[in-house]
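Student: Kindly return the folded structure for what I paste below:
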Amino acid sequence: MNSRFMTGAVLFAFLALGAAAHAHSTATGIVKERMDAMKAIGKATKSIVEMMQGKQGYDPVAVAAAAAVIEEHGGDSLLHQFPEGSLDDPTEALPVIWEDWVEFKTLVEDLRREAVLLKTVAENGPAGFGETIPFVEDRSQPAGPVATRLLKTCKDCHDTFREEN
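Tutor: Below is the predicted model of the structure:
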């Protein structure tokens, strides 16, 4: 796995968790609900990244559990937390979400799908992180290691649809 990507992914996960903790203190309504969902996804992602880096021992049950959390909060569950125009402070969502809803929806669905795949390969041990399983649908993203693709999906969505902190 590319060490530069892993370093960036870890930095991304830790920054996202730190920013989320501060923003959650004043959030309400649907904004708080989605921030809570993102916090759960971030916490699950952090545990996966720490295993990928060898900072934690590989635990297939923990990987499957983390992937299950991401699966639970991804897809339609996450989409429903972004009703049009829900930009109340302290949201980090950008208006481009609703301007490019198709791409946003695709990334949110990819997140869920990659989590399902990661849960499936978790029992294969640390090599499961590196298993290459192609997308079921024709997508422009190439087949690649499942955990890496999951992290890339998070990063791609945040790069486009989330305000920088």
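Student: average pLDDT across the helix or strand hosting residue 113?
Tutor: Using DSSP states H and E, residue 113 falls within helix 101-121. Averaged over helix 101-121, pLDDT sits at 94.
Student: Ok, stretch 156-165 next?
Tutor: The average pLDDT within stretch 156-165 is 92.
Student: And stretch 80-92, by the same measure?
Tutor: 94.
Student: Tell me which residues of that stretch come out buried.
Tutor: For stretch 80-92, the neighbour count (16 or more other Cβ atoms under 10 Å) marks 81-82, 86, 90-92 as buried. In this view, the C-beta of every residue, glycine as well, is placed from N, C-alpha and C.
Student: Over to stretch 42-50?
Tutor: 42-49.
Student: Residue 107: which of those is nearest?
Tutor: Nearest to residue 107 among the buried residues of stretch 42-50: residue 45, at 14.5 Å, using Cβ to Cβ.
Student: distance of the closest one from residue 38?
Tutor: Separation of residue 45 from residue 38 (Cβ to Cβ, to the nearest Å): 10 Å.
Student: Checking residue 83 next. Helix, strand or coil?
Tutor: coil (DSSP: H, G, I helix; E, B strand; the rest coil).
Student: give me the number of residues near the closest residue to it other than its chain neighbours?
Tutor: Of all residues not flanking residue 83 in the chain, residue 30 sits nearest, at 6.4 Å (Cβ to Cβ, 6 or more residues apart in numbering). Number of residues near residue 30 (other Cβ atoms under 10 Å) recorded here: 15.
Student: For residue 30, which residues are in contact?
Tutor: By Cβ atoms under 8 Å, 6 or more residues apart in numbering, the contact list for residue 30 reads 81, 83, 86.
Student: Flag every buried residue along stretch 56-73.
Tutor: Counting neighbours by 16+ other Cβ under 10 Å, stretch 56-73 gives 60, 62-64, 66-73 as buried.
Student: Only the C-alpha atoms, please, for the helix holding residue 113, written as PDB.
Tutor: Extracted C-alpha coordinates of helix 101-121, given in PDB (Å, rounded to 0.1, in the frame of the first residue of the first chain):
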ATOM      1  CA  TRP A 101     -26.400  15.500  -6.100                       C
ATOM      2  CA  VAL A 102     -25.600  12.700  -8.500                       C
ATOM      3  CA  GLU A 103     -21.900  12.600  -7.600                       C
ATOM      4  CA  PHE A 104     -22.600  13.100  -3.900                       C
ATOM      5  CA  LYS A 105     -25.100  10.200  -4.000                       C
ATOM      6  CA  THR A 106     -22.600   8.000  -5.900                       C
ATOM      7  CA  LEU A 107     -19.900   8.600  -3.300                       C
ATOM      8  CA  VAL A 108     -22.300   8.000  -0.400                       C
ATOM      9  CA  GLU A 109     -23.400   4.700  -2.000                       C
ATOM     10  CA  ASP A 110     -19.800   3.800  -2.800                       C
ATOM     11  CA  LEU A 111     -18.900   4.300   0.900                       C
ATOM     12  CA  ARG A 112     -21.600   1.800   1.900                       C
ATOM     13  CA  ARG A 113     -20.600  -0.700  -0.700                       C
ATOM     14  CA  GLU A 114     -16.900  -0.600   0.200                       C
ATOM     15  CA  ALA A 115     -17.800  -1.100   3.800                       C
ATOM     16  CA  VAL A 116     -19.900  -4.200   2.900                       C
ATOM     17  CA  LEU A 117     -16.900  -5.500   0.900                       C
ATOM     18  CA  LEU A 118     -14.500  -4.800   3.800                       C
ATOM     19  CA  LYS A 119     -16.700  -6.600   6.200                       C
ATOM     20  CA  THR A 120     -16.700  -9.600   3.800                       C
ATOM     21  CA  VAL A 121     -12.900  -9.700   3.500                       C
END
